[in-house]
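S.K.: model the following, please.
(chains A, B and C)
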Amino acid sequence: MFDPGDDARLPDLTDEQRLAATHDAGSLLIVAGAGTGKTTTLSARLAHLVAHGVPPERIMLLTFSRRAATELLSRAEQWAGHDRLRGAWGGTFHAVSNRLLRRYGRSVGIDPDFTLLDAGDQADLLALVRDELSCDSTPQRRRARKELLAGALSRVVNTRQPLDVVLRQHYPWCADQADELRATYGAYIARKRERHLLDYDDLLSLWRALVQDPEAGPLVAGRFDHVLVDEYQDTNALQADVLAAMSDAGATITAVGDDAQAIYGFRGGTVRNILDFPARFDAEVVALTRSHRSTPEIVTVANRIWAAAAERHDKDLVAVRAAGARPHLVTAGDEHLEARGVCERLLESVERGIPLRRQAVLFRTGHHADLLEVELTVRRIPFVKFGGLKFLEAAHVKDLLALCRVAVNPRDDLAWFRVLQRIDGVGPGIARRVVSALDAADGSLARVVGSGVVPPRSADEVAGLATAVATAADADLATGERIDACRAWLDPHLDRFGDGAARRADLARLAELASGTPDLETFLTELTLDPPASTGDLAGPPHLDDDVLTLSTIHSAKGGEWDIVHLIHAADGNLPSDLSTGDPEQLEEERRLLYVAVTRARDELHVHVPLRFHHHRNRLDDAHSTGQRSRFLTPDVVDAMDEVVSVRPDGSLDDGTDLRPGGRSAAATADAELVALLGR
DNA sequence: GAAATCATACTTTTT
DNA sequence: GTATGATTTC
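M.R.: Sure, this is the predicted structure:
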């Protein structure tokens, strides 16, 4: 147990960490470089606070993912004592806002029974209201796609920049459509309010409205003595405003971040927040610069990558560990050879006694790992993949969720609109009319069937839908039974695009997830706020003794660390992504991505560069093109690494050391092609 | 008004 | 390599 006043028992803290953990004089900014013990310090601070009498329910911990919040709180409990953190508010900005708005939303005009829209729903609703607006005027010109509508609006909300500026900077090809966009956004906003729908951005802007409200604000914000924010460099203008309002109401703010690791600019995140924090919150600054994670050799590579940044406010990382191996820069002929090279090195490390779970392969985008996944499967190397998941975007998954939403909230016309179109003979036109008839019929589909809106040949199926929805709407049934009613109705529609078996398996897994939740309403909200982050989340209960490799996008690897890290596809065009090379600010973010990737490694770092890789940009290009290593791997960075040319572009071996004899590779490639054909 | 066909703008990272 | 929307056909 942790005695009040006995901070000496905070274990293993360095002086600088202890200073940050025990700071008691107002708001605090902890500038924590990669591997400097940020998690340790933050959880020690949590333990320190409760040990000094702050009631846990008056502490709010804001992190970037649910995983991070859970880990921080459980580590704090190890020191503070079992259950001493129970009652603390922990989670993402969005999840915490959801909780606050369900409780206090009425005071800012929000019905607490709102339905959450995910990114796909938001785009669908925007497309829907745009169609309604322009149904008489025939647009000759091609209009912006719906994801673009959503992206631009989201950027406006999160960065507080005017639409014209956002369009000019990020979507120049549709700057001339600004007026149409504005009209669409107006209708979208009105529709959201009318139907009690909230999107991700609403969670932030309504939280801000709530705490800035002269009456409700002090009451809500006054519930908290301490707000601790992790990954502050990735917060946006709106989130900083929320914290400022919380601070005005008397909360002490502790922010932790590192401007070298800001990688969420695409979501409106801005390093201005961390730079402005000391002045805005009248805060002291403690810097953690001693890297306890990585060997000096890895720290040197990281420092040299960061040294070339256009804007840098950090001191270099100082390595405190003993010397280790120099990082490797592995050049492979092409993607196949890169994948093989990674596998060979993984297995070789396992033979040296480093289990797979202490190794990771990182990449810029999800599909960069496609080939490697095939190669790993062929070689029976188990892995989980984080990030880049499209599970919730698959049509059949969205259909099932829409069906659930209709059951939960019969006034969710967006979901109705989607579900109805699964029915043979029902397209956008009929669906729209049924939806408006539903409005008049108080949400009862059964009554609409008899009203003549539904064409005769579809009447039976619509009636079946009405029955299924009625069953799923029965709150007395278990969540599993309710979702099964939806699944049963959807089942005949799963073969329309082939591969029905895989789709059924997906839906079964979803039902399994749902049955662990007390009610369907909660399940839908949780799924939106905390979507499955890894293939492991979808694979059923994990086997604890399994030794499994981690594959991850760099974004999802934030906060993680492994003994051995392989970074693949470190070629120009992949990292930096050639979608980001046009704008200097985006390019700088790509540099920070590389920095984040290399600083995940404790002992060994292998950076892989395929010289030839697929270009997905246009089909006139040769299917492959010859690439170059990432422009961020400048000569001084490479000087700090050992260059290994494992295979020449023509596939011949450079020497005998990197590929073992045995001739497995050609067979593996053939197998891999077959596996790809079969589908995983 | 729904299904089928065609053309072309866009392709990432996540709550 | 794809998916959306515009266009044509039924």
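S.K.: CA atoms for contacts and neighbours, from now on please.
M.R.: Will do.
S.K.: give me the below-cutoff pLDDT ranges for chain A.
M.R.: Residues of chain A meeting the criterion pLDDT under 70: A:1-11, A:134-142, A:314, A:496-499, A:540-545, A:613-626, A:647-680.
S.K.: now do 50
M.R.: Chain A contains residues with pLDDT under 50 at A:1-5, A:8, A:138-139, A:616-623, A:654-664, A:680.
S.K.: please point out which parts of stretch A:442-450 sit buried.
M.R.: For stretch A:442-450, burial by neighbour count (16 or more other Cα atoms under 10 Å) applies to A:G443, A:S444, A:L445, A:A446, A:V448, A:V449.
S.K.: what sits against the last one?
M.R.: If I follow you right, that is A:V449. A:A459, A:V462, A:A463 (Cα atoms under 8 Å, 6 or more residues apart in numbering).
S.K.: the second one against A:I423, yeah?
M.R.: So that's A:V462. Yes. Checked against Cα atoms under 8 Å, the pair A:V462 and A:I423 is within contact range at 7.4 Å.
S.K.: neighbour count: the two, which is higher?
M.R.: Neighbour count, other Cα atoms under 10 Å: between A:V462 and A:I423, A:V462 has more, with 21 against 18.
S.K.: which among the buried residues of stretch A:442-450 gets closest to A:T467?
M.R.: A:A446 (8.0 Å; Cα to Cα).
S.K.: what residues does the stretch 251-400 of chain A have near DNA strand B?
M.R.: Contacts of the stretch 251-400 of chain A with DNA strand B, taken as Cα under 7 Å from any atom of the strand, map to A:I263, A:Y264, A:F266, A:R267, A:R364, A:T365, A:G366, A:H367, A:F386, A:G387, A:G388, A:L389.
S.K.: now the residues you listed: which count as buried?
M.R.: A:I263, A:Y264, A:R364, A:T365, A:G366, A:F386, A:G387, A:G388.
S.K.: relative to A:A570, how far out is the third one?
M.R.: Read that as A:R364. 8 Å (Cα to Cα, to the nearest Å).
S.K.: and if you look at the last one?
M.R.: Distance of A:G388 to A:A570, computed by Cα to Cα: 17 Å.
S.K.: what does the second one give?
M.R.: According to Cα to Cα, A:Y264 stands 19 Å off from A:A570.
S.K.: buried residues in the helix or strand hosting A:R99, which are they?
M.R.: Per DSSP states H and E, A:R99 falls inside helix A:93-104. By neighbour count with 16+ other Cα under 10 Å, helix A:93-104 contains the buried residues A:F93, A:H94, A:A95, A:V96, A:S97, A:N98, A:L100, A:L101, A:Y104.
S.K.: hang on, isn't A:Q239 packed against A:L204?
M.R.: Yes. The pair A:Q239 / A:L204 is scored as a contact, 6.8 Å apart, by Cα under 8 Å.
S.K.: who has more neighbours out of these two?
M.R.: Comparing A:Q239 with A:L204 by other Cα under 10 Å, the one with more neighbours is A:L204, at 24 against 21.
S.K.: does the helix or strand containing that one come close to DNA strand B?
M.R.: Using DSSP H and E, A:L204 sits in helix A:200-212. Yes. Among the residues of helix A:200-212, A:Y200, A:D201 lie within reach of DNA strand B under Cα under 7 Å from any atom of the strand.
S.K.: contacts for that helix, please.
M.R.: With Cα under 8 Å, 6+ apart as the criterion, helix A:200-212 contacts A:93-94, A:97-98, A:100-101, A:105, A:107-108, A:116-119, A:154, A:157-158, A:216-218, A:220-221, A:238-239, A:241-242, A:245-246.
S.K.: do that again at 7 Å, thanks
M.R.: Helix A:200-212 is contacted from outside by A:94, A:97-98, A:108, A:118, A:154, A:157, A:216-218, A:220-221, A:238-239, A:241-242, A:245-246, using Cα atoms under 7 Å, 6 or more residues apart in numbering.
S.K.: swap in stretch A:484-495?
M.R.: Against stretch A:484-495 from outside (Cα under 7 Å, 6+ apart): A:L400, A:L403, A:C404, A:L465, A:A468, A:V469, A:T471, A:A472, A:G500, A:R503, A:A511.
S.K.: about what we covered before: which of the contacts of helix A:200-212 are close to DNA strand B?
M.R.: Contacts with DNA strand B are made by A:H94 out of the contacts of helix A:200-212, judged by Cα under 7 Å from any atom of the strand.
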